[in-house]
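Engineer: need a structure here:
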Amino acid sequence: MRDKRPYAREGFPAPVTLSSGRTLLWDEEQVEAFVAGAPVPAIEGPESGEDLLDRHEAAAEVGVKATSWSNYTGDPALADYRVVVEGVEHWPRSAVCAFRDGRPGRGVRHGSGRPKGSGDFVPRDEILPRTAELLDADPAVTSQTVVAELGVAVTTAMSALATLRGRRIADVLEQEPALGIEEAAARLGYPPAVRRRAFAAAKLELCIRATRPYVEDVGAALAAAGLAEVGVKADVVAAPGGEALAAAIRLREGLGVPAVVWDERSGWRTAVSRRHPIGKDAGPRPEAPGIAYLGSGRPEPAAVIIALREVLATS
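Structural biologist: Residues are numbered from 1 along each chain as shown. Below is the predicted model:
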């Protein structure tokens, strides 16, 4: 990438980050269209509170130099909303504007944020159901409305809306496979400004649904072998970093191994934590005492059981 510089080719989409940034980011759909020789879609549009601004854009919005922006990012009014995209820090436009308007001498703070230093007002397990009610009432509901109604962070509201819209798009596409993703979003009444995040969530949801039966088969086999509880739940989720899928199955207590984890990049492995078996920063193939690999890819459930019993026999 550094040596061949494909992004220097004529017609290659421009970065979505400012050129003064050290790390350049491109829009995935634009790059895919360019590589495929298809028309490159435009990504410009009206400003939205959900827009993610890098430090240069955020500094410009506030009216300070980019080098001064780091002096403000520790403020809870901004720190609570920080979003890291491929290693680059971003903040929602709504949070940046609220911070700007709340600075001393800039008037009364307004906008779509929680009170400074506060936590989410709604229990985490209620956020999606409560947000779903708002989405049922208005398919075009904004994250600012969710924040105002539920008292959650802007990033929490954005994530909840994208997840729910993605699941509903996936429902439509499962019922009508020939329907395009754009048509599904339009049928559901989702405005163009929110579709990009919804499309990413829908693609993830479809991958999760396609993978879930395999993981559930392994969980059922482990339960039948007396290694996991009957009816064990194995949620398939995006692995840390969002580039792959992962799932965890908690084993019966007293076995010496709290859980097994499947990562589509490295297969099955044992875990060292029962509460957080996948880990937040584990990477595709973590190496640590207590971690043993049981098979790459998608081995048959019987193969996973044999490998796990070998580990248990030596632990």
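Engineer: got the CA positions of the helix or strand containing Ala60 in CSV?
Structural biologist: Secondary structure from DSSP states H and E places Ala60 in helix 55-62. What follows is helix 55-62, C-alpha atoms only, in CSV (Å, rounded to 0.1, in the frame of the first residue of the first chain):
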residue,chain,number,x,y,z
ARG,A,55,-9.7,16.0,15.3
HIS,A,56,-9.0,18.4,12.5
GLU,A,57,-12.7,18.7,11.6
ALA,A,58,-13.7,18.9,15.2
ALA,A,59,-11.1,21.6,15.9
ALA,A,60,-12.4,23.6,12.9
GLU,A,61,-16.0,23.3,14.2
VAL,A,62,-15.0,24.6,17.6
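Engineer: helices or strands up against that helix?
Structural biologist: helix 66-69, strand 88-92, helix 93-102 (3 or more C-beta pairs under 8 Å, 6 or more residues apart in numbering; DSSP states H and E). Where you see a C-beta, it was placed from the backbone N, CA and C, and this is true even at glycine.
Engineer: between those, which gets nearest to Pro6?
Structural biologist: Within the helices and strands packed on helix 55-62, the stretch nearest Pro6 is strand 88-92; the backing value is 19.7 Å (C-beta to C-beta).
Engineer: distance from the chain centre to the closest one, please.
Structural biologist: 14 Å (C-alpha atoms, centre = their mean, to the nearest Å).
Engineer: just to revisit the earlier point, which one of the helices and strands packed on helix 55-62 lies nearest to Val215?
Structural biologist: Among these, strand 88-92 comes nearest to Val215, with 32.1 Å by C-beta to C-beta.
Engineer: return the distance of Tyr13 relative to Ile249.
Structural biologist: Slight slip there: residue 13 is Pro, not Tyr. Distance, Pro13 to Ile249, using C-beta to C-beta, to the nearest Å: 41 Å.
Engineer: also Val272?
Structural biologist: Distance of Val272 to Ile249, given as C-beta to C-beta: 15 Å.
Engineer: looking at these two, which is more packed in?
Structural biologist: Ile249 (26 against 17; other C-beta atoms under 10 Å).
Engineer: kindly report the domain assignment for this protein.
Structural biologist: Domain ranges of the chain: 6-36, 124-190, 211-314, per automatic domain parsing.
Engineer: and the end-to-end length of the last one?
Structural biologist: Its start and end residues considered, domain 211-314 measures 31 Å (C-alpha to C-alpha, to the nearest Å).
Engineer: state the mean pLDDT of it.
Structural biologist: On average, the pLDDT along domain 211-314 is 89.
Engineer: can you check stretch 146-159 too?
Structural biologist: Mean per-residue pLDDT for stretch 146-159: 86.
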